[in-house]
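> from the sequence below, what's the structure:
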Amino acid sequence: MTLLPDLPQNTALLDLLRRQGVPQESGAYVYEGWELHTHPDLVERLEDLAPQWPVLATFGMPVLAAKGIAAVVAWGMGVLLVRLPEAPAESLESAEPCPPLTDPGQGWYSLSPWQSELPSAESKRLLSLLIQHALSYAASLSEDDSTDWQGRPVQASGQPQGKAKVRRPGRDKGRRQGRRGRRR
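Purely as a prediction, here's the structure:
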C-alpha cells in the first residue's frame, strides 16, 4: 500500500519506488506493510526536520508531500531527496545522486541529511528551511488550491495523517525481533 497519490507529478518517483519495493508483513524492518529501505535513524531525522508534516509510507520509503505531491524522500542510510525549482545553496553538502530523479532538469536534488560540515543546530535549521521550501514548491505544482487552518497546503483528500510506524530490531543481543521505537 502507498499513501502517496498516483498523480502525474509523482509518476517518476512512484515508478522508481515501486520497482524496489518489497511487500513484507513481519520482520525486523517493516514499514507499513513494506520492507523499509531507509535507515530508521534517517526516518527519525526526517520527522525531526519537519515535525508538523505527516510522513507517508510509500513502498518502504518515507515521503513528505504537500497537496499529494512528493517533496522530500528519506533514502537509504544518508540521502534526502528534495524537490526544488532550483539547486539548493552550494554551502549544503550533497549526497549520492539517485538517477533518474536527480538527473539534470528533473527537479530533484540529493543532500546529506546530517550536513557534517555545519554545527548540528545550523544543519537542522538550514535543512528544515529547505524542506519547507520543497513542500511549498510541491504544493505549487498541484491544481488543488486548498489550505489548512494555518494557511498551509493540505494533503490530498482522503489521505491518513500521522507518522508511519517502523519496526526496528532490538538493540540487545542482536535479536531480529521487532519492537516499537521510543515514545515521544
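
> low-confidence stretches in the protein?
1-2, 21-24, 26-35, 145-184 (pLDDT under 70).

> tell me where it has helices.
With DSSP state H as the definition, the chain shows helices at residue ranges 11-20, 40-49, 120-140.

> so can I have CSV of those helices showing mean neighbour count and distance to L64?
Every C-beta, even on glycine, is put in place using the N, C-alpha and C of the backbone. Shown next, in CSV, are those (neighbours: other Cβ atoms under 10 Å; distance: least, Cβ to Cβ, whole Å):
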stretch, mean neighbour count, distance to L64
helix 11-20, 15, 12
helix 40-49, 19, 7
helix 120-140, 17, 6
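
> mind putting those in TSV, distance to Q106 included?
Shown next, in TSV, are the helices of the chain (distance: least, Cβ to Cβ, whole Å):
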stretch	distance to Q106
helix 11-20	7
helix 40-49	21
helix 120-140	13
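
> P100: which of those helices is closest?
Among these, the nearest to P100 by Cβ to Cβ is helix 11-20 (6.7 Å).

> contacts for the closest one?
2, 4, 6, 37, 58-61, 63, 70, 73, 98, 100-101, 106, 108 (Cβ atoms under 8 Å, 6 or more residues apart in numbering).

> return the subset of those residues lying in strands.
Among those, the members found in strands (DSSP state E) are T58, M61, V63, A70, V73, W108.

> distance across stretch 46-59, terminal residue to terminal residue?
17 Å (Cα to Cα, to the nearest Å).

> report the buried residues of it.
L46, E47, L49, A50, W53, P54, V55, L56, A57, T58, F59 (16 or more other Cβ atoms under 10 Å).

> and those residues, which two are furthest apart?
The span of these, defined through Cβ to Cβ, is set by L49 and F59 at 21.2 Å.

> ok, L130 - contacts?
V82, L84, P88, L92, L111.

> any idea how far the second one lies from W108?
Think L84. 8 Å (Cβ to Cβ, to the nearest Å).

> and the two? Which one has more around it.
W108 (22 against 18; other Cβ atoms under 10 Å).

> who does the more buried one form a beta bridge with?
Note on W108: beta-bridge partners by DSSP bridges are R83.

> that one reaches V82, doesn't it?
Yes - in this structure, W108 is within contact of V82 by Cβ atoms under 8 Å, at 7.1 Å.
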